[in-house]
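S.K.: what follows is a predicted structure for the sequence shown.
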Amino acid sequence: MDDNGLQRVTIIVGRVWRNKGGESLGAHIMVVAADDDSAVRLALEALAREGYAEAELDQIGEMEDAPDEEPHLSAWQGALEGEVAIVTFEEDR
């Protein structure tokens, strides 16, 4: 929680693969967790449940405000409600 008593959403940025050696997708994972280690663990568990074979997580940080656009706005809201929200997208090559 931040100084105002609000939950902070952690965002993890990286890439995921459905199949080892296959095409990767960009990924933004949003979660509310006690610390960075817990956030990463929850993210990896959620990715495995969703059928991703591999993940490469590059950055982690806290979101200060709600995103302006979908699908990130819904993902942020889901994270505040206790979900691990996964947004995937095709990366620029």
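M.R.: That came through, no problem.
S.K.: CA only for contacts and neighbour counts going forward, please
M.R.: Fine.
S.K.: any stretches of the chain with poor pLDDT?
M.R.: In the predicted model, the chain carries pLDDT under 70 at residues 1-6, 93.
S.K.: the helices in this protein, which residues?
M.R.: With DSSP state H as the criterion, the chain has helices at 36-49, 72-80.
S.K.: nearest to residue 21, of those helices?
M.R.: Closest approach to residue 21 among the helices of the chain (CA to CA): helix 36-49, 16.1 Å.
S.K.: with just CA atoms, put that closest one into CSV.
M.R.: Only the C-alpha atoms of helix 36-49 are listed here, as CSV (Å, rounded to 0.1, in the frame of the first residue of the first chain):
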residue,chain,number,x,y,z
ASP,A,36,8.9,-7.9,-5.9
ASP,A,37,9.8,-11.5,-5.3
SER,A,38,6.1,-12.4,-4.5
ALA,A,39,5.0,-10.5,-7.6
VAL,A,40,7.4,-12.5,-9.9
ARG,A,41,6.4,-15.8,-8.3
LEU,A,42,2.7,-15.0,-8.8
ALA,A,43,3.3,-13.9,-12.4
LEU,A,44,5.2,-17.1,-13.2
GLU,A,45,2.5,-19.3,-11.6
ALA,A,46,-0.2,-17.5,-13.6
LEU,A,47,1.7,-17.8,-16.9
ALA,A,48,2.1,-21.5,-16.3
ARG,A,49,-1.6,-21.9,-15.6
